[in-house]
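Enquirer: quick one, fold the following:
(chains A and B)
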Amino acid sequence: MQGSSFRRSSVAGLPAGSGSALPALLLVGLFFIVPVVALLLRSVTDPEPGLQNYAALFGSDTYVRVFLNTFLVATVVTAVTILVAFPVAWMLAIMPPAPGSIVFGIIILSMWTNLLTRTYAWMVLLQRTGVINRALMGLGIIHEPLPLINNLAGVTIGMVYIMLPFMILPLVGTLRAIDPMTLRAAALCGASPFEAFRRILLPLSLPGIAAGGLMVFVMSLGYFVTPALLGGTSNMMLAEMIAQTVQSLLNWGLGSAAAFVLLVVTMALYAIQLHLVGARRAGGGL
Amino acid sequence: MKLILTGLLAGLLTATAAKADEMAFTSWGGTTQEAQTKSWAAPFEASSGIKVLQDGPTDYGKLKAMVDAGNVTWDVVDVEMDFAIKAAKDGLLEPIDYAVVPKADLDPRFSNEHAVGSFYYSFVLAWNKGAVSGEPIGWADMFDTKKFPGKRTFYKWSAPGVIEIALLADGVPADKLYPLDLDRAFKKLDTIKSDIVWWGGGAESQQLIASGEAAFGQLWNGRVFALQQDGTDVGVAWKQNLTAADVLVVPKGAKNKDSAMKFLAAATSPTGQAKFAEASGYAPINTKAKAEMPADAVKALPDAHVDGQINLDMNYWAEHRDEIATRWYAWQTK
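Expert: The predicted structure is shown next:
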């Protein structure tokens, strides 16, 4: 289709009609590309030209630890999100359309609620004096409050909750495209339900898991509000550290360098994701 | 294209350009800024005809960005004293025009060439009476997890206060605090690290104590005062209370400098200071203010607890800010 109906403008080699895209391109350039270039420039010029900010960044135990923490949290969040999302996605995929769209609506609805509000709600639930601990202690199941907040558990719970829709949506697409007959065929051939899951469903749904997982991972890397409120300082993530460096220490060079490194990592992961999604499309997954 | 850009920029500039009868005041939000609005901005608007726009919260990065970009939209900013000293050195602040701001009655501890006192406060030990059995009396009790079990809350950021508390609890005499022995302080803090819940802002500190999520902690005295005014059953220990100050500064290149100086004169006047102190529980930096306050309001101030009171050394902090912060975050994230 492309070669035939795609008219090329004879003047600049741009597709015809690209003139009307100019405002959009201008917008992207002005508000996305210029700031990123400025960020990069600042990281190698502030306070003086050179790579000293990057040297300081990778030479600092604190920053290296915060980087590792950031990846650890993102990994844990992604893994838990996949585990929770898979059954939900499967249920949605095999549900009749009418009740299915209601469940879908509920999941989407949670995304429309303000992020800060949702995080505060989790604080109220997870605190030592919060609803969950009080209920469990009232029932006599535990005697000491469980440490559910200001630690990795708190960050994971809060972030998985926020990330779930981003995992469920691509996964449902993939799962719906799997012919249910393949599972029946496996059963007829004597496969146990687990065997059918492991050898049929899981491999076929891998593209969806990979796409959703990478999206969740990439989004988790830059998270600020939820880790700041539900995490402890020993799980401090990079975004919060950058905010401190820039706001309080006024070390913009170092903050820019850290932000740029995070951006490069994120872009690299995003490139992988694009590649995977492309592969899935080519394979007829969607 | 160039024309469009020029037009756009011109539009932006006129939109943010100063109006003769307006200025922007920025502070930390919450109960503190409410008191500042009521005690300073409202009477000033009435007497001068200059409208005071409220903004916030104070953000040092934003302040620097405004000055660097030459587009300063804040005219008066409430900042911490150690930041003001450093910012003045970095050329981020306008000098205070003491021809407009009367200096004679200002406490010299809290005013200098580029900053005039806003109020001063104490870090005190506050506890939720429902969550603590017994009565903690000093900083050492915050490190005694046997006698006082439960979570304790401290200020999260690298700032004057927690390091000094750790050293005092470890037995360093008040007059030997500076230069700060960071190794000793972190070693002491290590002993309770897993019991610490950090608060990042005043409202959070109030919430932690009021809910009993943290049994006790290091709080700004004004925030404890506000809790008590609300009827929360909170105890407070003033022993070795640590004073520090907030100051008002004018960012370099502020568009309404003249109005800003007039505002500073009103805010630091005996009446302005007395009203704010009464509303907030923070101490006035004008020595004549207390004469204008009701006697029981004076009793709530840090001034009523000067016995054993310790002044946090803001000059020391201004000089060692970055060095301490590096150590602080390295320890905290470990």
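Enquirer: residue 84 - how many residues pack around it?
Expert: Just going to use chain A. 16 (other C-beta atoms under 10 Å in any protein chain shown). In this view, the C-beta of every residue, glycine as well, is placed from N, C-alpha and C.
Enquirer: should've been chain B
Expert: Residues near B:Ala84, counting by other C-beta under 10 Å, number 27.
Enquirer: okay, it: pLDDT?
Expert: In this model, B:Ala84 is scored at 95, pLDDT.
Enquirer: skipping adjacent residues, who's closest to it in space?
Expert: Nearest residue to B:Ala84, sequence neighbours excluded (C-beta to C-beta, 6 or more residues apart in numbering or on different chains): B:Ala115, at 4.1 Å.
Enquirer: hmm, B:Val249 and that neighbour touching each other?
Expert: Yes: with contacts counted by C-beta atoms under 8 Å, B:Ala115 reaches B:Val249, the gap being 5.0 Å.
Enquirer: now do the shared contacts for the two.
Expert: Counting by C-beta atoms under 8 Å, 6 or more residues apart in numbering or on different chains, the contacts common to B:Ala115 and B:Val249 are B:79, B:84, B:88, B:93.
Enquirer: end to end on stretch B:98-117, go ahead and measure it.
Expert: Chord length of stretch B:98-117, first to last residue, is 13 Å (C-alpha to C-alpha, to the nearest Å).
Enquirer: buried stuff in that stretch?
Expert: B:98, B:101, B:106-107, B:110-112, B:114-117 (16 or more other C-beta atoms under 10 Å in any protein chain shown).
Enquirer: among these, name the ones in strands.
Expert: Counting by DSSP state E, these place B:116-117 in strands.
Enquirer: taking the buried residues of stretch B:98-117 together, which two end up most distant?
Expert: Taking every pair in those and measuring C-beta to C-beta, the maximum separation is 16.4 Å, between B:Asp107 and B:His114.
Enquirer: next, count neighbours for the residue of the stretch 1-150 of chain B found nearest chain A.
Expert: Nearest to chain A in the stretch 1-150 of chain B, going by C-beta to the nearest C-beta, is B:Gly61, at a distance of 3.8 Å. B:Gly61 has 18 neighbours, counted by other C-beta under 10 Å.
Enquirer: and it, what does it touch?
Expert: By C-beta under 8 Å, 6+ apart, the neighbours of B:Gly61 are A:246-248, A:250, A:252.
Enquirer: hmm, 7 Å instead?
Expert: Going by C-beta atoms under 7 Å, 6 or more residues apart in numbering or on different chains, B:Gly61 touches A:246-247, A:250.
Enquirer: hey, where'd the helices end up in chain B?
Expert: With DSSP state H as the criterion, chain B has helices at B:2-16, B:30-36, B:42-48, B:60-69, B:81-89, B:162-169, B:182-190, B:202-211, B:221-229, B:257-267, B:270-280, B:295-299, B:314-332.
Enquirer: contacts for stretch A:212-224, please.
Expert: Under C-beta under 7 Å, 6+ apart, the answer for stretch A:212-224 is A:70, A:73-74, A:77-78, A:81-82, A:159, A:163, A:166-167, A:170-171, A:237, A:239-240, A:243, A:262, A:265-266, A:269-270, A:272-273.
Enquirer: so which of the residues you listed belong to strands?
Expert: Short answer: those have none in strands (DSSP E).
Enquirer: now, those that are in helices?
Expert: With helices taken from DSSP H, the overlap with the contacts of stretch A:212-224 comprises A:70, A:73-74, A:77-78, A:81-82, A:159, A:163, A:166-167, A:170-171, A:239-240, A:243, A:262, A:265-266, A:269-270, A:272-273.
Enquirer: for chain B, what's the nearest residue on the stretch 101-250 of chain A?
Expert: Counting by C-beta to the nearest C-beta, the stretch 101-250 of chain A gets nearest chain B through A:Gln247, at 3.8 Å.
Enquirer: check contacts around residue 123.
Expert: You didn't pick a chain, so chain A it is. A:149, A:229-230.
Enquirer: should've been chain B
Expert: Applying C-beta under 7 Å, 6+ apart, one finds that B:Phe123 lies in contact with B:161, B:218, B:220, B:241-242.
Enquirer: can you check the pLDDT for it?
Expert: With respect to pLDDT, B:Phe123 scores 97.
Enquirer: ok, the closest residue to B:Ala159 other than its chain neighbours to B:Met314 distance?
Expert: Leaving out its chain neighbours, the residue that sits closest to B:Ala159 by C-beta to C-beta, 6+ apart is B:Glu80, at 6.9 Å. Remark: distance between B:Glu80 and B:Met314 (C-beta to C-beta, to the nearest Å) = 8 Å.
Enquirer: write out the residues of the stretch 101-250 of chain A neighbouring chain B.
Expert: A:127-129, A:150, A:233-234, A:236, A:244, A:246-250 (C-beta under 7 Å from any C-beta of the partner chain).
Enquirer: in the chain, where is pLDDT below threshold?
Expert: Picking chain A for this. Across chain A, the ranges flagged by pLDDT under 70 are A:1-18, A:277-286.
Enquirer: I was thinking of chain B, sorry if that wasn't clear
Expert: Chain B contains residues with pLDDT under 70 at B:1-20.
Enquirer: surely B:Thr31 meets B:Leu227?
Expert: No: counting by C-beta atoms under 7 Å, B:Thr31 stays clear of B:Leu227, with 9.8 Å between them.
Enquirer: if I pick residue 124, what's in contact with it?
Expert: In the absence of a named chain, this looks at chain A. By C-beta under 7 Å, 6+ apart, the contact list for A:Val124 reads A:130-131.
Enquirer: I was after chain B.
Expert: Neighbouring residues of B:Val124 by C-beta under 7 Å, 6+ apart: B:219, B:221, B:224, B:236-238, B:241.
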